[in-house]
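> What follows is a predicted protein model with its sequence.
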Amino acid sequence: MRLTVVGCSGSVPGPSSAASCYLLEADGVGPDGAPRTWRVLLDLGSGALGSLQQYVDPMSVDAVLLSHLHADHCLDLCGLYVMLRHSPVGVQPRPRIPVWGPSGTAARLAGAYDLPTDPGMSAELDVQAWSDGEPVRIGPLAVTPLLVNHPVEAYGMRIEHDGSVLAYTGDTDACDALKPLCHSADLVLADAAFVDGRDEVEGIHLSGRRAAQAALDAGGVGRLVLTHLPPWNDPQVCLAQAREVWDGPLEVATPGATYVVGGAV
């Protein structure tokens, strides 16, 4: 699997980054048996659709996987809907893009664009709801959503392909689900929006240190990438707090960074 950081700013877009969006690519075969590259988005938050166009045609994406329905993780699906519905470029008619997300996703997206719930965006997007712990197959990718600890219904995603594992926490504070989510993952992409000693409210976000502790407790994690830092955070503080407990490969996500999950960076 190949992971590209499209946007990694937490809560709001920053001066140099869109909000949450990660492009995951994996080689496999299509329905016709021919080799092809599958492209999946993990979240599509505020400002991310513009940045995404630096890497791929958004209308070539095979699925969008939403961790939860806060604007910084899902709102640019409204823009994707407009592209699918109105762009004169490319093949017509276009197939619907599968979107997996929490319960109520279809209604939330329709409301965000001031559409009636029925039909909403159903002609362009095939929206389906996660079920905690039940895997979903997208081409060669096996995706297991796990309910995590956030003020709204939110999921982390464990994504497996050909023996490699990517764990994406989405937005969460410490919780029991992080252990099966992250166990033996080649790469953990972890929320680290909070700063220990400053942000004391519970049940919203991890800090760098708590993200590192979760990876350590899960066991077998190869690389830890901290993400979702809001523009007012200092990445060096986040790294320093994580280093209090984690001595493995560690970094803060930056837009355009790429990783080969299960291989060399």
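Nice, thanks for sending it over.
> Walking through the stretch 1-150 of the chain, point out its strands one by one.
Taking DSSP state E, counting those that start in this stretch, the strands of the stretch 1-150 of the chain run over residues 2-7, 21-29, 35-42, 63-65, 97-101, 125-129, 136-138, 141-147.
> Show the pLDDT at Gly262.
Note on Gly262: pLDDT of 83.
> CSV please, covering the strands of the stretch 1-150 of the chain and showing distance to Ala190 and mean pLDDT.
C-beta here means a position set from N, CA and C on the backbone, and glycine is covered the same way. Output for these, formatted as CSV (distance: least, Cβ to Cβ, whole Å; pLDDT from 0 to 100):
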stretch, distance to Ala190, mean pLDDT
strand 2-7, 13, 98
strand 21-29, 12, 97
strand 35-42, 13, 97
strand 63-65, 17, 98
strand 97-101, 20, 98
strand 125-129, 24, 98
strand 136-138, 21, 97
strand 141-147, 14, 98
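> mind checking which of those strands is nearest Tyr168?
With Cβ to Cβ as the criterion, Tyr168 lies closest to strand 35-42 of these, at 5.3 Å.
> give the contact list for Met157.
By Cβ atoms under 8 Å, 6 or more residues apart in numbering, the residues touching Met157 are 42, 65, 67, 143-146, 167-168, 170, 181.
> same deal with Leu66?
By Cβ under 8 Å, 6+ apart, the neighbours of Leu66 are 43-44, 73-74, 77, 99-102, 105.
> I'd like those residues written out as JSON lines, with neighbour count added.
Formatted as JSON lines, the contacts of Leu66 follow (neighbours: other Cβ atoms under 10 Å):
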{"residue": "Asp43", "neighbour count": "28"}
{"residue": "Leu44", "neighbour count": "30"}
{"residue": "His73", "neighbour count": "27"}
{"residue": "Cys74", "neighbour count": "28"}
{"residue": "Leu77", "neighbour count": "29"}
{"residue": "Val99", "neighbour count": "24"}
{"residue": "Trp100", "neighbour count": "21"}
{"residue": "Gly101", "neighbour count": "26"}
{"residue": "Pro102", "neighbour count": "19"}
{"residue": "Thr105", "neighbour count": "24"}
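> Any chance of JSON lines for these, columns distance to Ala129?
Putting the contacts of Leu66 into JSON lines (distance: Cβ to Cβ, whole Å) gives the following:
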{"residue": "Asp43", "distance to Ala129": "16"}
{"residue": "Leu44", "distance to Ala129": "17"}
{"residue": "His73", "distance to Ala129": "16"}
{"residue": "Cys74", "distance to Ala129": "14"}
{"residue": "Leu77", "distance to Ala129": "15"}
{"residue": "Val99", "distance to Ala129": "10"}
{"residue": "Trp100", "distance to Ala129": "8"}
{"residue": "Gly101", "distance to Ala129": "7"}
{"residue": "Pro102", "distance to Ala129": "7"}
{"residue": "Thr105", "distance to Ala129": "7"}
